[in-house]
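K.L.:
Okay, sequence plus prediction incoming.
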2 protein chains.
Amino acid sequence: MNDARHFFTFAEPPDLMPVECGAGLGPITLAYETWGELSAAQDNVILILHAFSGDSHVASHEQGNSKAREQGWWEFMVGPGKGIDTRKYFVVCSNIIGGCMGSTGPASVNPATDQPYGMDFPVVTVKDMVQAQKLLLEHLGIRKLLAVVGGSMGGMQALQWCASYPDMVTSAVLLATTARHSALSIAFNEIARQAIMADPKWQQGSYYGSDGPELGLAVARMIGHVTYLSDEAMRRKFGRRLQDRCNLSFDFNANFQVESYLHHQGEKFVRRFDANSLLYITKAADYFDFTTVDSETLTSMADAGIRFLVTAFSSDWLYPTYQSKELVRLLKKNSINVSFCEIEADSGHDGFLIPSRRLTDLVAGFLRARSEEKR
Amino acid sequence: MNDARHFFTFAEPPDLMPVECGAGLGPITLAYETWGELSAAQDNVILILHAFSGDSHVASHEQGNSKAREQGWWEFMVGPGKGIDTRKYFVVCSNIIGGCMGSTGPASVNPATDQPYGMDFPVVTVKDMVQAQKLLLEHLGIRKLLAVVGGSMGGMQALQWCASYPDMVTSAVLLATTARHSALSIAFNEIARQAIMADPKWQQGSYYGSDGPELGLAVARMIGHVTYLSDEAMRRKFGRRLQDRCNLSFDFNANFQVESYLHHQGEKFVRRFDANSLLYITKAADYFDFTTVDSETLTSMADAGIRFLVTAFSSDWLYPTYQSKELVRLLKKNSINVSFCEIEADSGHDGFLIPSRRLTDLVAGFLRARSEEKR
C-alpha cells in the first residue's frame, strides 16, 4: 500500500474496544490520511467523516506516489486555497470501521479463527465508528477539533462526535444528512442488503477467497445510485436517450442510457467494495437515531458551545430538507447554536459532492468564523 | 380454473398477430372477466386496463364459485352502486399479453418448441397489448367503448387505445399515469430486472419446471413496493417502529417493521407472479412513449371527440403530477378535450388503489356525464 495512507492499530487483544452491541472488537486498524500542518496551538484541526462508500482519500496529496496524487472524493472542497484550505487547516480523515478501504471490517482477519470475519464481525454502530476515530485522534495527540465535517452518513458521524465528545468539538458542518433514517431510507438499504444476501455466492458472508456476490452487490449499488440522484438530475443527465442506437432494440440489453449508467456504476463498485461492508455500514446508518439522545447529552453540547452549520439540498429525496429542519429544531430547542441553509440544486442527495461555489463559500465562511473566534 | 374468467383464443398459427418488434405471436389466449349487462344499444361498455401486476379480476362477482366471489384489486371502485356502477355499465377487463394470470405470456407454451417460451417470447409493447384487447372486443361484438379506464400502466394502455382506435373510444380515464417513463422510472424497472436476471435460478429465463428465481423476484417486488408508496405513507405506516421487539437486535434479520413489510410483500408476490412476466411487462412500460405519436393520430383523437379525465396524486413520486400536466398540455395543444385533477393524498403512486370518496365521485361523475351525452 504505497500511498498516502497511514495505519494505526489499537485494541490489541485482550484489550478489545467495547462496541455497542455488547461485544468487543480488536485489534482495530484505522487507515487515515492528513493534509496540512498541525498548528502549534493545535487549534486548526478539521476532522472529515466520509459517507457510506467513501474512504480516507478525501483529496489528492501534493507529495507522494501516483496513488497519493490521485483525485479524492472531495477534491473541489479540500486542498490549498479551497473551501477547506489545507494551507490553514490540519485535515484528518480515516476510513470507518466496518469499511473495506484499509480499516478493520468484515473482510479483516478474525484473530479468534485466523479467517476473515465475514458475518462474525460485530454489528457496529455510528457511535462505535466515532469511538475508534477518537482513539486515533488521541494517538495523534489531538485534543480539540475546530470542526467535524461530514455529508450523508458522514454527517451522522459528525453529530455523534458532538454527542459522544462535546468538549472536543468546536463546530460541526452537516451536509445532506439526517438525524435518523426514515422508513423510506431503511427500505432502500434493506432491499440493497437483500439483493446481496439473495446472491448464492454470498455464502452467508463467507465468500472470501472466491468470487463473492458480485451480481447482488451490483444490484445493491444500482439501488444506491438511484437514491443519490434526483428525478431532475436523471432527466437532465439521461432523459429517455438511447445508448449507442437509434431505435429500441426489443431485447433485454441496456437500451436506455440510464440503464447503461447503472450497469457501469454497479460493475465499477464491485471492483472496489466489499459486499459485507455494505451490509454492515448500511445497518449502522439505519440504526443511527440522534433523536433518542438523552437530555444530558444535549445539555453538554449546548454548554460546550458547539456551533452547527446544517445544509440541505433542495432535490435530495433520500434525506429531504424537512429532515434537516427537524434536526435544526431539535438542536435549537436545546439551546444549541445552529445555522441552517438549503441549497437550491437539482443534483439530489449527491449535492454535497458536486462542485458548487455556493457550498464552498458557505463552508469556508463558517470555518473562517470559527477559526477567528478561537483566536 | 373454476372461477369467473373466460378465455378467448385467437391468432392460431399460421395466422399470427403481428407485434411491434416485427415478430408474430400466436396462438394468443386472453383471460377476461365481465360485470353487468351489455345494453341493447351497446353504449354502456367500460374497458378497464390493469396495472403492471394486476389481472382481470377487478372486482368480485355476485355469482360463481368462491374464487369468483373473491375481492378484486379495485373492489371499492367497481360493483353495483359503486363509482363504476355495474348496474349501469358493462365492464370488461382482460389480463394483458405478456402477463401470467391466464393470458399468453412467457410461461405459455411456444408452439414452435412445445416448451414454455421463456425469453423466446417476443418483446411485446403496450400497443401490442391493446391490439389483442381490440380483437377480444371484436369477438365480443363490441364496436364502441363508453370509456377506457386505467391507472398506472393501465393508463398507458388507455392512452394507447385512444391512439390506436380513436373511433372506438368515447372517453378515457387516466389515473396516476404518465405519457412516458422518466429516467427514474426506467432506472427502477431496470434494477428490478437485474435483480431477477442476477439470480442463477433464472437460467436465462428457462426455469419452468424448477424453482425459478424466487429470491431475485422478491427483491424486484420490494423495489416496486417502495416506488408505489410515498415518503409520507411510509412514515405514517411504519416510521422507525421495530418488529416484534423492544430493542435493536444487532443482526441482519428484519429489525424494523418496514423491513418485515417488504419481506412479506416479496414472498407473497413470488407465490403469484412469474418472473419473466415482470421482465416483459416492465420493458413494455419503459418503451411506451405517447409523446412520439404522430400528429395524424392526435388529429384523429381530436376529431373523434374523445374526452379525457387525467388524475394525478400529489404524493406520487413514480409518476409525479408534473408528468400528468405534461400529458394534459400535449392533449390540449392538439385540441383534445381534457379535464385534469390532482388529488391531495399521501399514499403515493398507490393512490388510485386506495378507497377514496373523492376519487370515486370524480370517476362516477365523469362517466355519468359521458353516458348522458350519448343519449
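P.N.:
That came through fine. Numbers count the residues shown, from 1 in each chain, chains lettered A, B, ... in the order given.
K.L.:
doesn't residue A:43 make contact with residue A:88?
P.N.:
No: using Cβ atoms under 8 Å, residue A:88 is not in contact with residue A:43, being 10.8 Å away. Glycine gets a C-beta too; all of them are placed from N, C-alpha and C.
K.L.:
Show the end-to-end separation of stretch A:107-116, please.
P.N.:
Here the two ends of stretch A:107-116 are set 5 Å apart, with distance taken as Cα to Cα, to the nearest Å.
K.L.:
actually stretch A:88-102, sorry about that
P.N.:
In stretch A:88-102, first residue to last residue: 27 Å (Cα to Cα).
K.L.:
chain center to that stretch, what's the gap?
P.N.:
Stretch A:88-102 sits 9 Å away from the centroid of its parent chain (Cα atoms, centre = their mean, to the nearest Å).
K.L.:
and stretch A:8-28, does that touch chain B?
P.N.:
Yes: with Cβ under 8 Å from any Cβ of the partner chain as the criterion, chain B is reached by stretch A:8-28 at A:20, A:21, A:22.
K.L.:
List the residues that are in contact with both of residue A:88 and residue A:43.
P.N.:
residue A:371 (Cβ atoms under 8 Å, 6 or more residues apart in numbering or on different chains).
K.L.:
circling back: please pick the buried ones from the residues of stretch A:8-28 next to chain B.
P.N.:
Taking 16 or more other Cβ atoms under 10 Å in any protein chain shown as the criterion, what is buried in these is A:20, A:21.
K.L.:
pLDDT and secondary structure for the residues of stretch A:8-28 next to chain B - can I get that in a markdown table?
P.N.:
Listed next are these as a markdown table, based on pLDDT from 0 to 100; DSSP: H, G, I helix; E, B strand; the rest coil:
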| residue | pLDDT | secondary structure |
| --- | --- | --- |
| A:20 | 97 | coil |
| A:21 | 96 | coil |
| A:22 | 96 | coil |
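K.L.:
Specify which member of the residues of stretch A:8-28 next to chain B is nearest to residue A:215.
P.N.:
Using Cβ to Cβ, residue A:21 comes nearest to residue A:215 of the residues of stretch A:8-28 next to chain B, at 29.7 Å.
K.L.:
residue contacts, the closest one?
P.N.:
By Cβ under 8 Å, 6+ apart, the residues touching residue A:21 are A:122, A:123, A:124, A:125, B:250.
K.L.:
pLDDT of stretch A:132-148, averaged?
P.N.:
In this model, stretch A:132-148 has an average pLDDT of 98.
K.L.:
Put the alpha carbons of it into PDB.
P.N.:
This file holds the C-alpha atoms of stretch A:132-148, laid out as PDB (Å, rounded to 0.1, in the frame of the first residue of the first chain):
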ATOM      1  CA  ALA A 132     -12.500   4.400  17.100                       C
ATOM      2  CA  GLN A 133     -11.800   7.800  15.500                       C
ATOM      3  CA  LYS A 134     -11.500   9.400  19.000                       C
ATOM      4  CA  LEU A 135      -8.800   6.800  19.800                       C
ATOM      5  CA  LEU A 136      -7.000   7.700  16.600                       C
ATOM      6  CA  LEU A 137      -7.000  11.400  17.500                       C
ATOM      7  CA  GLU A 138      -5.700  10.600  20.900                       C
ATOM      8  CA  HIS A 139      -2.900   8.700  19.300                       C
ATOM      9  CA  LEU A 140      -2.200  11.700  17.100                       C
ATOM     10  CA  GLY A 141      -2.100  13.900  20.200                       C
ATOM     11  CA  ILE A 142      -5.100  15.900  19.200                       C
ATOM     12  CA  ARG A 143      -7.300  17.100  22.000                       C
ATOM     13  CA  LYS A 144      -9.600  19.600  20.200                       C
ATOM     14  CA  LEU A 145     -11.300  19.800  16.800                       C
ATOM     15  CA  LEU A 146     -12.000  23.100  15.200                       C
ATOM     16  CA  ALA A 147     -14.700  21.300  13.200                       C
ATOM     17  CA  VAL A 148     -16.100  17.900  12.400                       C
END
